[in-house]
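Novice: Following is a predicted model, sequence given first.
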Amino acid sequence: MRCVALLGGTFDPVHLGHVALASHWMQLLGADALRVLPALPWQKAQLSTTAEQRAEMAQLAFTGQPYPVVIDRQELERGTPTFTVDTLRSLRKQLGNDVSLAFLMGADQLQKLDTWRDWRALFGLAHLCVAARPGFALDRLPAAVQKELQGRMATPERVRTTPAGHICLAPDLAVDMSSSGIRAALQRGEQPDSLISPVVLDYIEQHNLYK
């Protein structure tokens, strides 16, 4: 069965934590391809960059990876904020039912999963692959999420060989960086070289972003 990993995010800007998360799961799952999905969030007024700039930065950050990468702009092209469940439905129609879809997320997103639109429907469309953080525990999740996860925990191999419906944890991946922190550093005139790839940093400087 073909396995496609999905990484969504605002990417304002994309940083090395995004690349590390994707690379970790690509190796763990033995996935065939990665789709990076820049999002158009509800709080559009808070974005510092255009949709095209965020997509271009994502393209730069993921160029040269040892696995196939597609920058999927479908959420940006819709022109209106889109829910994850809508994007997964679109991908299912596009890729078919005989492919494993692995939606990658951090533990912080899992802790708020019950606030997402039609969040229970996500399991019928994809697997959730969660990068756990130090101190993260399943018993700290909202009760509704805990209940939904019962019986869904699975190994990477199980995720790799089934279309959807499971959740898989990667407890050995801890990335402590955020786009908001990087924006703040750039606004202070700092060069966060250890947090962002040189090509993306060059792009930011050339386009005078986050000043």
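Specialist: Perfect, I can see it now.
Novice: For this protein, list the residue farthest from the centre, please.
Specialist: Most distant from the centre of the chain: Gly189, at 27.6 Å, with distances by CA atoms, centre = their mean.
Novice: For it, what are phi and psi?
Specialist: phi 90, psi 10 (degrees, to the nearest 10).
Novice: now the one 10 residues further on
Specialist: Main-chain dihedrals, Val199, degrees, to the nearest 10: phi -70, psi -40.
Novice: check contacts around it.
Specialist: Counting by CB atoms under 8 Å, 6 or more residues apart in numbering, Val199 touches 60-61, 63. Quick note: C-beta positions are derived from backbone N, CA and C, even for glycine.
Novice: Packing partners of the strand or helix carrying Asp108?
Specialist: According to DSSP states H and E, Asp108 maps onto helix 107-110. Contact analysis of helix 107-110 by 3 or more CB pairs under 8 Å, 6 or more residues apart in numbering; DSSP states H and E lists strand 127-131 as its packing neighbours.
Novice: and the strand it packs on, which strands flank it?
Specialist: Looking at strand 127-131 with DSSP bridges, its partner strands are strand 99-106 (parallel), strand 167-170 (parallel).
Novice: how about the strands in the chain?
Specialist: 2-9, 33-38, 69-71, 99-106, 127-131, 167-170 (DSSP state E).
Novice: In JSON lines: those, plus mean neighbour count.
Specialist: Putting those into JSON lines (neighbours: other CB atoms under 10 Å) gives the following:
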{"stretch": "strand 2-9", "mean neighbour count": "22"}
{"stretch": "strand 33-38", "mean neighbour count": "22"}
{"stretch": "strand 69-71", "mean neighbour count": "18"}
{"stretch": "strand 99-106", "mean neighbour count": "22"}
{"stretch": "strand 127-131", "mean neighbour count": "26"}
{"stretch": "strand 167-170", "mean neighbour count": "20"}
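Novice: Against Glu190, how distant is the spatially most central residue of the chain?
Specialist: Central residue of the chain (CA atoms, centre = their mean): Leu7, 3.0 Å from the mean position. Distance of Leu7 to Glu190, given as CB to CB, to the nearest Å: 26 Å.
Novice: before we move on, what about Glu52?
Specialist: 26 Å.
Novice: Same check on Ile204?
Specialist: Going from Ile204 to Glu190 by CB to CB gives 12 Å.
Novice: more crowded one of those two?
Specialist: Ile204 (21 against 10; other CB atoms under 10 Å).
Novice: what about the protein, any weak spots by pLDDT?
Specialist: Scanning the chain with the threshold set as pLDDT under 70 gives 42-45, 133-135, 174-177.
Novice: The closest residue to Val14 other than its chain neighbours: how many residues sit nearby?
Specialist: The shortest distance from Val14 to any non-neighbouring residue, by CB to CB, 6 or more residues apart in numbering, is to Ala61 (4.4 Å). Neighbour count for Ala61, taken as other CB under 10 Å: 25.
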